[in-house]
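Undergrad: sequence and computational prediction follow.
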Amino acid sequence: MGDYKSDCLDANIATGTKPVQGSLEEPSGVLYRQLRQKAPLNVVGGRGSYLLTDNGLEILDATSGAAVSCLGHSDERVHEAILEQLRKVPYCYSLYFTNSAAENLSKFLVETTGGKMSRAFIVSSGTEAVEASLKMAVQYFMELPAPQPQRVNFIARKSSYHGNTLGSLSVGHHAGRRALYEKVLAKNVSHVSQCYPYRGMDRNETIESYVARLAQELEDEFQKIGPDTVCAVVLETMTGTTLGCMPPLPGYLKAVKKVCERHGALLILDEVICGMGRTGTLHAWEQEGVVPDLQTIAKGLGGGYAPIASLLVNKHVVDTLTNGTGAFSHTQTYQGHPVSCAAAYRVQQIIKEDNLLANVREMGSFLEQLLHEKLGDHPHVGDIRGRGLFWALEFVQNKESKEPYPPSKGVAWAIHTTGLKPEYSISLMPGNGGIDGINGDHICLAPPYNTTRAEVEMIVDRAVLVIQEVLGS
């Protein structure tokens, strides 16, 4: 493959690839992420797992957008729910009123946790949910019978992503998105290593000893900044696109939770991308035997039919605020938006009615099998990892040494843009900088929960052809 010239600072946009251009000819009023490009492909329709463009392409959406469209595109059952809510009331201000759509969705979410999370704070994006979780954590310690105002520090992980506001960027560790804003990001956040066995685990190390080492690193960080000053540990239950679909090793989350409990800090689990069914259970933490104090959810919650996310709050946190000031000192204009809540509630009903969590597990196993069969021996596929319908391929120059491609090659985005060529017509999710914020290339696959065996086979077959064109066979 040839070299590609970088024209942007964002490490998650190609350090290099020229974007595929669409068919819009008039000057656009849209502030595209890359301002020197012509219009990208213009999507004018969607059908199941396919996106339809105005120049006639039918693109297999192998990533559900940003792991969002869990039912695929244009499910009429959700359309009807949205129209029904629009006819009732499209908006009311949550500071003054509640609405039935928000009540129904919140009750459903609480019930899915067995009541362990007893309230839902519904907002419009994962970033907003993370921001709310940070505020909630701080307020919790101020509301205790014996307040602990010194607890203002957060510990998060490297190569993580939690959102794009200044607060969520501070706990995240996405080098490209942080770069311009480092001087104004919060200074009360420190970062420890990811659970990243492909590169972090020694050759002769057992899973148990590696997990113990990571737990000790977290313990050391508590001691370094003062155990009684730590407000919360923030991490993705399963990493998203910054590192690429890394599930926690057995015992890892339990070890993290134990450190938090030892020092009285909260555990915030970010399940914006991995939650609400993406990994095979509605909540990814269900598979780990760990219940968070605060949890964020978003993408699979509403399936892309309307902007929606939520902060789920553990009962003991709710009880503390109830017995304290009796209020959460935070609000959003579109909090509990009726149309978004109605859409999300119908999406979740469909997931249950159509038994889609079982399909996620079955098709996820099939996807794993095909990826290993067809790409496991590829000389430039270093690691295949994931869970449910959320999988990543990490690319290397040398499989034995695990040497990554130089950032100047823009490998991940070259694969993405190649996939959009008419002969392949597949959307693959690129990511780079996962190793250290600069080096590392991977792609993610996140098909809809209702994907079929035929579609999974097509996704893998097309991905193989794209990878072969970019990296060779």
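TA: Great, that's in hand. All values derive from a computational prediction rather than experimental measurement.
Undergrad: what residue is smack in the middle of the protein?
TA: residue 273 (2.7 Å; Cα atoms, centre = their mean).
Undergrad: which secondary structure elements does the helix or strand bottoming out on mean pLDDT in the chain sit against?
TA: Least confident element among the helices and strands of the chain, by mean pLDDT, DSSP states H and E: helix 175-178 (a mean of 86). On a contact count with 3 or more Cβ pairs under 8 Å, 6 or more residues apart in numbering; DSSP states H and E, helix 175-178 meets no helix or strand. All C-beta spots, glycine's among them, are computed from the backbone N, C-alpha and C.
Undergrad: chain center to it, what's the gap?
TA: Chain-centre distance of helix 175-178: 16 Å, with Cα atoms, centre = their mean, to the nearest Å.
Undergrad: for stretch 43-63, same thing?
TA: Remark: stretch 43-63 is offset 22 Å from the chain centroid, using Cα atoms, centre = their mean.
Undergrad: and it, what's buried?
TA: By neighbour count with 16 or more other Cβ atoms under 10 Å, stretch 43-63 contains the buried residues 43, 46, 48-53, 57, 59-63.
Undergrad: name the nearest residue to the residue nearest to the centre of the chain, sequence neighbours excluded.
TA: residue 240 (4.0 Å; Cβ to Cβ, 6 or more residues apart in numbering).
Undergrad: wait, a helix at that neighbour?
TA: No: counting by DSSP: H, G, I helix; E, B strand; the rest coil, residue 240 is not part of a helix but coil.
Undergrad: which ones are touching the residue nearest to residue 395 when sequence neighbours are not counted?
TA: The shortest distance from residue 395 to any residue other than its chain neighbours is 4.7 Å, reached at residue 441 (Cβ to Cβ, 6+ apart). Going by Cβ atoms under 8 Å, 6 or more residues apart in numbering, residue 441 touches 394, 395, 404, 405, 409, 411, 412, 430, 431, 432, 434.
Undergrad: could you rerun that using 7 Å?
TA: 395, 404, 405, 411, 412, 432 (Cβ atoms under 7 Å, 6 or more residues apart in numbering).
Undergrad: surely residue 397 and residue 403 touch.
TA: Yes: when contacts are counted by Cβ atoms under 7 Å, residue 397 is listed as touching residue 403 (4.7 Å).
Undergrad: more neighbours: the two, which one.
TA: Using other Cβ atoms under 10 Å as the criterion, residue 397 and residue 403 rank with residue 397 on top: 16 against 12.
Undergrad: for the closest residue in space to residue 200 that isn't next to it in sequence, give its distance to residue 150.
TA: Sequence neighbours aside, residue 193 is the residue nearest to residue 200 in space, at 6.1 Å (criterion: Cβ to Cβ, 6+ apart). Using Cβ to Cβ, to the nearest Å, residue 193 is found at 26 Å from residue 150.
Undergrad: neighbour count for those two, which is higher?
TA: residue 193 (15 against 12).
Undergrad: the more buried one and residue 32, how far apart?
TA: Taken as Cβ to Cβ, the span from residue 193 to residue 32 is 35 Å.
Undergrad: just the contacts of residue 441: which are in strands?
TA: Among the contacts of residue 441, the members found in strands (DSSP state E) are 395, 432.
Undergrad: nearest to residue 451 among the contacts of residue 441?
TA: Comparing these against residue 451 with Cβ to Cβ places residue 412 closest, at 22.4 Å.
Undergrad: what is the burial count for that closest one?
TA: Neighbour tally, residue 412, other Cβ under 10 Å: 32.
Undergrad: how would you label residue 349: helix, strand or coil?
TA: helix.
Undergrad: how about the helices in the stretch 351-473 of the chain?
TA: 356-375, 411-419, 453-471 (DSSP state H, counting those that start in this stretch).
Undergrad: go on, the stretch 201-350 of the chain?
TA: 207-225, 252-263, 299-302, 315-323, 338-353.
Undergrad: by contact count, what packs against the third one?
TA: Going back to what we said before, that points to helix 299-302. helix 338-353 (3 or more Cβ pairs under 7 Å, 6 or more residues apart in numbering; DSSP states H and E).
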